[in-house]
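1. Mind looking at a prediction? Sequence and model below.
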Amino acid sequence: MVRVGLTGGLACGKSTVAEMFRKRGAHVIHADRIAHELLCPGEEVYAAVVRAFGSEILNSDLTIERARLARLAFPDRVEELNRIVHPAVVRRQEAWMAEVAAREPQAVIMVEAALIFEAGVHRRFDKIVVVTCTPEQKMERFLARVAPSMDADQARAEAQRRIAAQIPDEQKVAAADYVIDNSGALELTEAQVEKVHRELAELAKREPST
């Protein structure tokens, strides 16, 4: 098997690229979806976050209002939040990867996550794929994603906040094993994914499951 981390900056198209890999046979899990599950009532992480940040982050149904939590956490308490959430996310990722490897020893196993380098977990993977696009495209795509729930000024401020919490693309690209440029037509992105997946699949056949 081969364990792959898929990452990149804000609104660069990580999920789109991950789906392209999935369609080619890779097993894909999304770290953000794991975090959503862990922040549900009844989970230990949920309880720890509420203890740390207070009941003001809760909606009337006791679910966590993620935007409110983000406003409290960034920028001064983001490391505190990460210390609570990231270890649990990583444990669930590891359990999932072990389960897939047991069923399919020659699998391409991929974790899509925004903060692989920031969380210091890049060494857990055999290969790192970084997705990129232009800064202008990031902002344009993010504005389109959050509209109409957020006005343009709020969205730009939110985008800048998230970008400030991430390692610059240049550093991620320098540390990557593969780079997918998602700034052009989807057909061009597909072609890059096809090439990278072919190489990862060949590597997975040669690497024993551990």
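-> Alright, I've got the coordinates. None of the values given here were measured: they were computed from a predicted structure.
2. Need the nearest residue in space to the residue positioned nearest the centre of the chain, chain neighbours excluded.
-> Centroid-nearest residue in the chain: A113, 1.6 Å away (criterion: Cα atoms, centre = their mean). The shortest distance from A113 to any non-neighbouring residue, by Cβ to Cβ, 6 or more residues apart in numbering, is to A31 (3.5 Å). (Each C-beta comes from the backbone N, C-alpha and C, glycine too.)
3. quick one on the thing from earlier: wouldn't the residue nearest to the centre of the chain be in contact with T7 here?
-> Yes. Counting by Cβ atoms under 8 Å, A113 touches T7, with 5.8 Å between them.
4. so how far is the longest helix along the chain off the chain centroid?
-> In the chain, taking DSSP state H as the definition, the longest helix is helix 78-103. From the chain centre to the centre of helix 78-103 is a distance of 12 Å (Cα atoms, centre = their mean, to the nearest Å).
5. Just confirm E158 contacts R145, I think it does.
-> No. E158 lies out of contact with R145 (Cβ under 8 Å); the separation is 10.5 Å.
6. between those two, who's got more neighbours?
-> E158 (19 against 13; other Cβ atoms under 10 Å).
7. check contacts around that one.
-> F142, V146, M150 (Cβ atoms under 8 Å, 6 or more residues apart in numbering).
8. does it count as helix, strand or coil?
-> With DSSP: H, G, I helix; E, B strand; the rest coil as the basis, E158 sits in helix.
9. For the helix or strand of the chain with the lowest mean pLDDT, list every residue counted as buried.
-> Least confident helix or strand, the chain: helix 152-164 with a mean of 85, by mean pLDDT, DSSP states H and E. Neighbour-count burial for helix 152-164 flags A155, E158, A159, R162, I163 (criterion: 16 or more other Cβ atoms under 10 Å).
10. quick one: that helix to chain centroid distance?
-> Offset of helix 152-164 from its chain centre (Cα atoms, centre = their mean): 18 Å.
11. now swap in stretch 15-24 and tell me
-> Using Cα atoms, centre = their mean, the offset of stretch 15-24 from its chain centre is 13 Å.
12. quick one: contacts of it?
-> Contact partners of stretch 15-24, identified using Cβ under 8 Å, 6+ apart, comprise 6, 28, 30, 108, 110, 112, 129, 131, 180, 182, 186, 189-190, 193-194, 197.
13. And those, which is closest to K205?
-> Of all the contacts of stretch 15-24, V108 has the smallest distance to K205: 9.9 Å, by Cβ to Cβ.
14. Phi, psi for the closest one please.
-> For V108, the backbone dihedrals (degrees, to the nearest 10) come out as phi -90, psi 110.
15. Quickly find the element holding the residue lying farthest from the centre of the chain.
-> Here the chain reaches farthest from its C-alpha mean at S60, the gap being 28.5 Å by Cα atoms, centre = their mean. Assigned by DSSP states H and E, S60 belongs to no helix or strand.
16. Give me the distance between it and T189.
-> 42 Å (Cβ to Cβ, to the nearest Å).
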